[in-house]
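Enquirer: need coordinates for the following:
(one chain, ligands or ions: 1)
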Amino acid sequence: MTEMSSFSRFFVNLFTGRENRRRFQWLSAYLRLPPRPQCLEVGCGNGDFAVRVLGGLGPTQYLATDLDPRQIEVARRHLARLYPGGLPPALDLRIADMLALPLSDASFDAVFAFGVLHHASAEHHDFTNVPRALAEIDRVLRPGGSFAYEEFLHNEKIRAWLSARGYTIAAVGHPWKRETVLAIKSGGTAGLVSGGR
Ligand SMILES: C[S@@+](CC[C@H](N)C(=O)[O-])C[C@H]1O[C@@H](n2cnc3c(N)ncnc32)[C@H](O)[C@@H]1O
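Expert: The predicted model follows:
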C-alpha cells in the first residue's frame, strides 16, 4: 500500500468535480440499488464523489474512507465548503486501508473505488495486492450488491477476478485511458441491471 506524493495529491484534489459528475452520470444509467442504500467508498480522495451519491441516491449511510489521514482532512474541508450548514447525517469520513477494512461482513449495498485499486501494491504495476483489496471489498458487500470502480491498470485481471467469484460485469465504460466498471455480486436481487456496454 502507498500514499500519494504531494504532486499526485495536488492533481487528484484539483480535477475531481468534473470527473465525479461524469462517473455518477454514467453509473446512474446502470445502478439498481435498494431504496436508501448503505454505501462505502474506498480511497475517497477529497470526498467529492460522496456529494454526487448523497444528492442523487439519498443513501442512509455513505462511508467515505481513505488510507491517508491528510486526504481525510482534505475531504473534511472540501465537504464542509459544499455543506456550509453541516455535513449530512448519512455522511461519515474515516481512515481505513482497503487491504484490511475495519468493517463488518456484508454491510454495504454498494462499494465505490475510483483510481484506487492500483495503489494496493507499492509498485502500481504490481498486481500482487490487488486481489487482497478485492477480497476485502467482496467481504463487506452484500449479496446482489454493486461494486463500481475505475482503473487504468490491471483491468483484465480485475474483471477476471470478479467473474471467477461469480460477479456479473453489468457495464463497462472507457473514459480516457481508463475503464469504469459496474460489477454485481451474485445472490440477492438488489443490484440487478438490465444492460451494459
Ligand atoms: C488517485 S487517488 C483517487 C482519489 C479519488 N477516488 C478520486 O477519484 O478522485 C487514490 C486515493 O487512494 C488512496 N489510497 C491509496 N492506498 C490506499 C489503501 N490501501 N486504502 C485506501 N485508500 C488508499 C490515496 O490516499 C488516494 O486518496
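Enquirer: where do the strands of the protein begin and end?
Expert: With DSSP state E, the ranges of strands along the chain come out as 38-41, 61-66, 91-95, 108-114, 141-151, 168-173, 179-184.
Enquirer: ok, which of these comes nearest the ligand?
Expert: For the ligand, the closest of those is strand 108-114, at 3.7 Å, according to C-beta to the nearest ligand atom. All C-beta atoms are positioned from the backbone trio N, CA, C, and that covers glycine.
Enquirer: low-confidence ranges in this protein?
Expert: Across the chain, the ranges flagged by pLDDT under 70 are 1-15, 189-197.
Enquirer: residue furthest from the geometric center of it?
Expert: The outermost residue of the chain, judged against the average C-alpha position, is residue 85 (25.8 Å), by C-alpha atoms, centre = their mean.
Enquirer: tell me the phi and psi of that one?
Expert: Main-chain dihedrals, residue 85, degrees, to the nearest 10: phi -80, psi 0.
Enquirer: going forward can the numbers begin at 617, since that is how I track them
Expert: Understood, numbering begins at 617; the last thing we discussed is residue 701.
Enquirer: tell me the centre residue of this structure?
Expert: Central residue of the chain (C-alpha atoms, centre = their mean): residue 728, at 1.7 Å.
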